[in-house]
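Visitor: Fold the stuff below for me.
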Amino acid sequence: MGRAAWAVFRKELAEALRDRRTLTLGLLIPVLVMPAVTLGLPYLARREERRLRESPARVAVIGGEHLVPFLAFAADALVVVRSPDPRGWLRAGRVAAVIEARAPLPGGPVRVRLVYDEASAASLVARRKVEEALARFSLAQLREELAGQGVDPVALLPVEVEAVSIRSTEEAGRVELAGLLPFFMTIWMMLGGQYAALDLGAGERERGTLPGLLVTPPGRFELVLGKFATVFTLATASVVLVIASVLIALSRFSITGDGGSAAIPLRLALPLTGAGLALAAALSAVQLLLSLVARSVREAQQLFTPLYLLVVAGVVLAQLIPEWGQERWLYLLPGLNGAYLLRGVLLETVGAVEGAMALAALGAATVVALAAGAVVYRREALVSG
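Guide: As a prediction, the model looks like this:
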């Protein structure tokens, strides 16, 4: 930055730090909230999953006379509940699944229909338990029949499958971290600089101090650059505090139930920092531009909403469709490339070419937004209106 822009930056940063909202919402809350959220959400999810997995599933049975041997075999995994309206109870959540058995065909197996609720986690677990119990029961019956004929069941298996994850146990925590950290980093990039952006753009216009600012020696671009540096500094500080507090908490508590480590290897620290700074710069520049264009703080807040939705949608999409991260064209889209870049860096699935494309696209978006902000300040009608 030039000397004029540096002077604007120091002045605006000092004023921003005097605002208690900036310090509280942008800097203090992330330190307190993020460890609790990062540790609390996975813990609650793991506890509920463990409870459903370890406790027997409540099921209603229709045609139970055909399933007496199976129900006795699966007594440790299933609890049969008598119900006058099995499907109604399933919709109401009083049972987790309904097993409908039909009389076997002559010389054939018992036909079973398993009814479950796809919107219920307990019902999905119950479906898995019933299917596994049916498979074990069928296999036990088959082994007994083959043993009676002197045949080894293992010899009849055409294929034996052993599933092995390519990621080690030490990487298990980082996989979960890749689903959490990019989201919180992106959110606090926006929230950390939000109030500064609102105050330095639309807030200055509402206070009536903008005309006086425009007659000061710094040029229009220097004014925008100094304000941008303030927003970017606060957004970056917020993100740094988020990452630091989360990693400190994770160093004391495991994020996974199998002892997987959530620590970020030192070799990823620099790429992750670079990706975060590039994304924070682009978001800060766009936030400032929207605030400069807005005629009031309320209007600026309304303009911020589509930006938030776009960025959050990118983060969610990176979790739902991670395979898109293999497409190079995606890293040229500033609305999506940041989320995929952060996830790819954490999981070491993004290449140097894709990373360079994303950084270049984010840098270009930052420059364009700053140049547009300078154009706004040069339009006297827009400024005075």
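
Visitor: In terms of secondary structure, what does the helix or strand hosting L234 contact?
Guide: Remark: L234 resides in helix 220-252, with elements defined by DSSP states H and E. Here helix 220-252 is seen to pack against helix 3-17, helix 29-54, helix 169-198, helix 210-214, helix 266-293, helix 352-378 when contacts are counted using 3 or more Cβ pairs under 8 Å, 6 or more residues apart in numbering; DSSP states H and E. Bear in mind the C-beta positions are built from the backbone N, C-alpha and C, glycine included.

Visitor: can you give me the angle the fifth one makes with helix 352-378?
Guide: Put plainly, it is helix 266-293. With axes from the mean of the first three to the mean of the last three Cα atoms, to 10 degrees applied, the angle from helix 266-293 to helix 352-378 works out at 20 degrees.

Visitor: What average pLDDT does helix 266-293 get?
Guide: Throughout helix 266-293, pLDDT has a mean value of 88.

Visitor: Where does the prediction get shaky in the stretch 201-350 of the chain?
Guide: Applying pLDDT under 70 to the stretch 201-350 of the chain flags residues 212-215, 217, 246-247, 249-264.

Visitor: circling back to that earlier point, could you point out which of the helices and strands packed on helix 220-252 sits nearest L134?
Guide: Each of those was scored for nearness to L134 using Cβ to Cβ, and the closest is helix 29-54 (17.4 Å).

Visitor: After the closest one, which helix or strand is next?
Guide: Downstream of helix 29-54, the next assigned helix or strand under DSSP H and E is strand 57-62.

Visitor: What residues of whichever helix or strand comes after that next one count as buried?
Guide: Heading C-terminal from strand 57-62, the first helix or strand you meet, by DSSP H and E, is helix 68-73. Buried residues in helix 68-73, defined by neighbour count with 16 or more other Cβ atoms under 10 Å: 70-71, 73.

Visitor: can these go into JSON lines with extra columns for pLDDT?
Guide: Conversion of the buried residues of helix 68-73 to JSON lines gives the following (pLDDT from 0 to 100):
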{"residue": "F70", "pLDDT": "86"}
{"residue": "L71", "pLDDT": "84"}
{"residue": "F73", "pLDDT": "87"}
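
Visitor: What's the local residue count around S55?
Guide: 12 (other Cβ atoms under 10 Å).

Visitor: Now do the contacts for it.
Guide: S55 makes contact with no residue, according to Cβ atoms under 8 Å, 6 or more residues apart in numbering.

Visitor: Quickly note the distance from it to Q287.
Guide: Between S55 and Q287 the computed distance is 48 Å (Cβ to Cβ, to the nearest Å).

Visitor: now do E354
Guide: Taking Cβ to Cβ, one finds E354 at 26 Å from Q287.

Visitor: Give me the more crowded residue out of the two.
Guide: Residue environment comparison for E354 versus Q287 gives the larger neighbour count to Q287, 29 against 22, counting by other Cβ under 10 Å.

Visitor: can you list the domains in this protein?
Guide: The chain is divided into the following domains under automatic domain parsing: 3-46+171-384, 55-156.

Visitor: and the shortest one, how far out from the chain's middle?
Guide: In other words, domain 55-156. For domain 55-156, the distance between its averaged C-alpha position and the chain's averaged C-alpha position is 36 Å (Cα atoms, centre = their mean, to the nearest Å).

Visitor: Over to the first one?
Guide: For domain 3-46+171-384, the distance from its own C-alpha centre to the chain's C-alpha centre is 15 Å (Cα atoms, centre = their mean).

Visitor: how many other residues sit next to A96?
Guide: By other Cβ under 10 Å, neighbour count at A96 equals 28.

Visitor: surely it meets S120?
Guide: Yes. In this structure A96 lies within contact range of S120 using Cβ atoms under 8 Å: 7.1 Å.
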